[in-house]
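Asker: Would you be able to build a 3D model of this:
(chains A, B, C and D)
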Protein chains: 4
Amino acid sequence: MTDPLVAAVGAGVRLIELGQPFFTGMPCSPNHPGFRMTLARRHGDLVRPDGGSAASEIIVTGGHVGTHIDALSHVSQDGLLHGGVDAARAQTGGRFSAHGAENLPGFLCRGLLLDIAALHDTDTLPGGYEITVEDLERAARRAGVHPRTGDVVLLRTGWARLFDNAPAYLGNRSGVPGIGVDAARWLADRHIAATGADTTAYECLAPGAGHSVLPVHRILLVDSGIYILEHLALEALAAEHRTEFVFVLAPLRIVGATGSPVRPLAAVSR
Amino acid sequence: MTDPLVAAVGAGVRLIELGQPFFTGMPCSPNHPGFRMTLARRHGDLVRPDGGSAASEIIVTGGHVGTHIDALSHVSQDGLLHGGVDAARAQTGGRFSAHGAENLPGFLCRGLLLDIAALHDTDTLPGGYEITVEDLERAARRAGVHPRTGDVVLLRTGWARLFDNAPAYLGNRSGVPGIGVDAARWLADRHIAATGADTTAYECLAPGAGHSVLPVHRILLVDSGIYILEHLALEALAAEHRTEFVFVLAPLRIVGATGSPVRPLAAVSR
Amino acid sequence: MTDPLVAAVGAGVRLIELGQPFFTGMPCSPNHPGFRMTLARRHGDLVRPDGGSAASEIIVTGGHVGTHIDALSHVSQDGLLHGGVDAARAQTGGRFSAHGAENLPGFLCRGLLLDIAALHDTDTLPGGYEITVEDLERAARRAGVHPRTGDVVLLRTGWARLFDNAPAYLGNRSGVPGIGVDAARWLADRHIAATGADTTAYECLAPGAGHSVLPVHRILLVDSGIYILEHLALEALAAEHRTEFVFVLAPLRIVGATGSPVRPLAAVSR
Amino acid sequence: MTDPLVAAVGAGVRLIELGQPFFTGMPCSPNHPGFRMTLARRHGDLVRPDGGSAASEIIVTGGHVGTHIDALSHVSQDGLLHGGVDAARAQTGGRFSAHGAENLPGFLCRGLLLDIAALHDTDTLPGGYEITVEDLERAARRAGVHPRTGDVVLLRTGWARLFDNAPAYLGNRSGVPGIGVDAARWLADRHIAATGADTTAYECLAPGAGHSVLPVHRILLVDSGIYILEHLALEALAAEHRTEFVFVLAPLRIVGATGSPVRPLAAVSR
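Answerer: Below you'll find the model as predicted:
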C-alpha cells in the first residue's frame, strides 16, 4: 500500500519560489560578510584524457547572508540563550555546543501567508512601519486562516521588490517595516514553529536606527524557541493569493553555527 | 476545500535525514576548498543597551563540498555543456550564463532507495566495486519499485559510515564503490530527475586512480541533464528499509555556480 | 670586515610608514573582495595543560585590496601581457604561469617623493585632477631629485587623508586625482622600477567614470614592465619633507597571483 | 648631502630570499585555514573598449599560514598577554585592542644566521631534535657573531628543504627540530628583537606530540615581547655562508590580528 504522502505528491505538486538568489553584490548587512561566489576551476583548465572537464567554485558567505534561518544560538539575552543555556560557555571553542545550526529541523508543514502590504493596499509598506496585532488578526481573517501549533507564518511587506536595489532594500535611512513586540508575542502565543518576512531583519527598524535593539529576536529566539527567516521572496506567492500551503525548508547542518542560508519553497497540489 | 497536499502533510509527516553535517575537517576532495565555519561575532562582543547580544559567522566552502548537488554547468565534454552549450562562452565573466545553480529546481517528488550494500549482504561495498545493471535490477526488484520519469534514485554503498574517517571515506588508495557506465545508462533511460549516492564522487573510482576520468558524470550531466547528488547519508533510511518515499531538496539559488551544498530529506507519513 | 650596508644600518635607521592599515570596512573597489579578518580561535577556547593558550584568524582578501602592488599579470592589452605573453594561455589552470606575483622582486632601493599636492598648495588634489608632465618636472625640481633607472617614484595627491571615509576616498562621484598618459610615459622613459600613489587606482579617474579605461596601467605594466603601487600612506613622509629615501618593499610570493598586499616603508639614517 | 643609508643602498645591494612561496596545497598546520588563491576575474572576462583587460583574485589565508610573524596577541599564559594585558578583554569585539598585528614594527636591522644543521654536519636535523644553549654558543662562535639588543636571530635546521613535501615538513609522526626552553632563555637574555626558524613551529616538537605545549612561545612572546618567525627559507642564505646581513621585514598592518604573512629578505652589499 502506498504511503499517503507519496500518493499526494505523486498526484502532482507545484513549487513556488520563496528564496532570493545568491550573487556577489546582493544586499547584505555590514555586520556580515558579503556573499561571493568565485569560479576556481573553469572548463579547459584541466581537460581529462577523454575530453571531459569540470568547473567548480569557492564560496564565501555567512549564516545570515541572503535568504536564511536563524538558529537559536544567534541571539542571547543577559548572557543566556534559549532555555537558559549560558552563551559564553556554549560558544567556547569557536562553535556552539548547544543550539547550533546542526539542530535546525527540516520543515515540511503547513505554511501561512499574512499579506500585510495587501491589507494596506500598497505594493510596499513604508520604511519603519510597525506591524501590529490588529494587522495580524485582520490579515489572518482575510486569508481565512488561524495560525496554530507547528505552523510557519510568513509576513509580506512587499520589500522583496526592492532586493535588486541594495541601499533601498537595506533601508538604513528610511527604516524597514516589520513586526512589533506585541505582534511578535501574539505569534509566540500560537506556538508556531517559525516565522519570516521579506526584509533584512524581520522586525521593524526605525529610520536611521539600524539594528540598535532587536526585541522581537529576543521574544522569538530566546524566550520562545521560534526560528526566524529573513530575506524571503514572497511576491510570487502573494501574486496568486496563496495563503495556505505546504512550507518546505531544509537548513544546512552546519555544526555549531548560528544560522544557515536556505531556499524555502511553498508546495501546492497541481 | 483544503489542498490535498496540505491535507496529507497535516495528517502527519516524519522526516528522515539524508544529509551529512558540515564541519571543519570533514572529508573533502583536494580539488575543492575545505569547509570552514568561523564565528566572527560572539555573544558579549557587542552588548546592546537592552542586554541583547548576537553571534554570527563567516563560512568558506565550495559548491561541491559536503552533501551537494551538481548543476549542469559542472561538467563539459569536448567543450560543450548539456544541450550543446559552449562551455567557454558560458563561463566568461566568472559565472555561468547558462546551466548555473540558480536554475537547479526544488524537489518534492518520489524518491527510491536501491540498497546495493544490502543486496551484497555487507555494511560497506569494497573500494572500487562497480555497481552493474544487474545490481540495479535486483535491488529494484527486492525493493518492489520501478524507477520512472521524474524520480530521484539513491544508491546505497554503505560508505556514509566512513564519513568520520576522512582518508578512509575519500578512498584514494582503496578506490570507492560506485555506479558503472552501463548502469548509469540504465538509469538515464528511465528519465529520472536526479540520482545520488553516499560517496565522494557517485561513480566508481578505481584504487589509486582518483578522479582521472568521470564517464558517468558525462552520461548523466552532459548527455541526459540528470542531476547528481554526492555525500548522502543513507544509513537511517536503509535501517528502516524505506525504499519509496518523498524526496525533499532545495538547492541554494547561487547565480552562475556549478553546484550547491544541500540537505536532502526523505519524508513519509507518520 | 663589516659589510658597508650592515654598517650603515648599524649606525641607526628610522622607518617611516607608507602603508595603510588593513581592517574590515576599509575602502575597497567593488571589483575586489572586501578585506575581512576574523578571529577563529580566541584565548580560552583551548587552554593547554600548562596554562598556555593561542589565538589566530582567518583572512579573506584580494591581491588588489588595501596597500598593494600590481604584478605584471594584472593587466593585458589586446590579449597580451608584458613581453607579448598570451594572457589566455598564461592563466589556464587558474594561476598565472608567467608574470605571477611570485616573480615580484623585493625592493631596497632609492625612493623619491613627488608631492603634487604641495606643488598646488593644497592638502588634497581635487577629484579627477590629471597630473601632468609639467607637474612631475616641477615637483622633481622642487625636490632636487632626478628620477633614474631603478628608482621607485611615489606621487602624493593627499588623498590618504580620506582613507577613513570610504565613499569619499573611492571617489565614485567626484573622480580621483592621478597621473595622465603623457606623464606616465615621462616616468616610463626614465626606466624606474615601480611607481605608486596614495589613491585607489593610481591613475586619474574622471568623475562618475569609474575604472572604464585604465590607459596608464597599460603603459606601465604592459608596455614597460613597471610595477604600480596603490593605496599608499604618504602623509608622514610628506610632513617631514623627505623627497629622497630608501624604499623598502617585500611583496608576498603568491604563486600565480596578479598582485600582493604589502606594507611599504621609507628608511632613512637616524 | 646624501643620507648615508641612501648612499649605501645606492652603492649596490643584493637581496637574498628568506620567504617560502604561497600556494594552494602548501604545508599548513590543521589549526589554521589552508592558503588558497583563486582567480576571480580572468583576462577576457571583461574587455574594456580600448582592448584592455584585468585579472584579479580572492585569497583565503590565515595570520599563521606560510612564512609569517607572530604578533604579541598570539599567545597568552594564564589568561595574560605580554605586559600583563588581560587576553579575554583584549579580544572582546573580535579583534585585539592591544598587541594586534598593526603594532608589528617594520625591520631593517642586523640579522644573524646560526646554522645548527651545519654545526651537526647534516642537511636536516632529525625530527624532535632540541637545539641547546651549547648549539647556539658554538654556532655563534663559528659564525663570528654575538647576538645583541635589537638583532634578529635566525636558526637553521635545514627543514626548508622539506617544504614541498607537506607531511614530512609538518612532521606529525617524526617530530620537528627546534629550540628548547633553556636556549630560548639564552636568546631572550640578549634582548634580540625577533627570532625565527625554517620549520612549522619554531620550537622543538616531540614525535607524535604535536603542538601540545609550546613553552618557547611563552618565553619569547609573553615573557619577553620577542617576535617569532616561522616557515623561513634559509637554504640560499646558508649556501653562501652569510652569517651577518641586513634583515628586511614588513609585516602587514592587520588591525587586531595575531600574526601576518610576510616575505623576509636578507640584504647585503653587492
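Asker: which bits of the stretch 1-150 of chain A sit near chain D?
Answerer: The stretch 1-150 of chain A has residues A:36, A:38, A:39, A:40, A:42, A:58, A:60 near chain D, with proximity defined as CB under 8 Å from any CB of the partner chain. To be clear about C-beta, it is placed using only N, CA and C from the backbone, and glycine gets the same treatment.
Asker: Next step: those restricted to strands.
Answerer: A:36, A:38, A:39, A:40, A:58, A:60 (DSSP state E).
Asker: farthest pair in the residues of the stretch 1-150 of chain A next to chain D?
Answerer: Farthest-apart pair in the residues of the stretch 1-150 of chain A next to chain D is A:42 and A:60; separation 18.2 Å (CB to CB).
Asker: Pick out whichever of the two has more residues nearby.
Answerer: Using other CB atoms under 10 Å in any protein chain shown as the criterion, residue A:42 and residue A:60 rank with residue A:42 on top: 27 against 24.
Asker: Surely that one and residue A:57 touch.
Answerer: No: at 9.7 Å, residue A:42 and residue A:57 do not qualify as touching, with contact defined as CB atoms under 8 Å.
Asker: low-confidence ranges in the stretch 1-150 of chain A?
Answerer: Applying pLDDT under 70 to the stretch 1-150 of chain A picks out residues A:1.
Asker: hang on, residue A:267 in a strand?
Answerer: Yes: assigned with DSSP: H, G, I helix; E, B strand; the rest coil, residue A:267 falls within a strand.
Asker: which of the residues of the stretch 1-150 of chain A next to chain D count as buried?
Answerer: A:36, A:38, A:39, A:40, A:42, A:58, A:60 (16 or more other CB atoms under 10 Å in any protein chain shown).
Asker: Could you find the closest non-adjacent residue to residue A:7?
Answerer: With CB to CB, 6 or more residues apart in numbering or on different chains as the criterion, residue A:7 has its nearest non-adjacent residue at 7.6 Å, and that residue is residue B:8.
Asker: same check, this time on residue A:193
Answerer: Leaving aside its chain neighbours, residue A:193 sits nearest to residue A:150 (5.1 Å; criterion: CB to CB, 6+ apart).
Asker: report the longest strand in chain A, please.
Answerer: Per DSSP E, chain A has its longest strand at strand A:107-115.
Asker: partners of it, with directions?
Answerer: strand A:152-156 (parallel), strand A:244-249 (antiparallel) (DSSP bridges).
Asker: Make TSV out of the ones you listed and add distance to residue A:51.
Answerer: Output for the strands paired with strand A:107-115, formatted as TSV (distance: least, CB to CB, whole Å):
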stretch	distance to residue A:51
strand A:152-156	47
strand A:244-249	39
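Asker: Out of those strands, flag the one nearest residue A:255.
Answerer: strand A:244-249 (18.7 Å).
Asker: Which entries in the residues of the stretch 1-150 of chain A next to chain D are shared with the contacts of chain C?
Answerer: By CB under 8 Å from any CB, the members of the residues of the stretch 1-150 of chain A next to chain D lying near chain C are A:36, A:40, A:42, A:60.
Asker: so which of those comes closest to residue C:205?
Answerer: Proximity of those to residue C:205 (CB to CB) peaks at residue A:36, which lies at 24.0 Å.
Asker: so what's the closest one bridging to?
Answerer: When bridges are called by DSSP bridges, residue A:36 pairs up with residue A:60.
Asker: For it, give me its contacts.
Answerer: A:24, A:59, A:60, A:61, C:33, D:58 (CB atoms under 8 Å, 6 or more residues apart in numbering or on different chains).
Asker: swap in residue A:205?
Answerer: Applying CB under 8 Å, 6+ apart, we find residue A:205 in contact with A:127, A:128, A:171, A:175, A:176, A:178, A:211.
Asker: closest to residue B:92 among those?
Answerer: For those, the residue nearest residue B:92 by CB to CB is residue A:171; the value is 34.9 Å.
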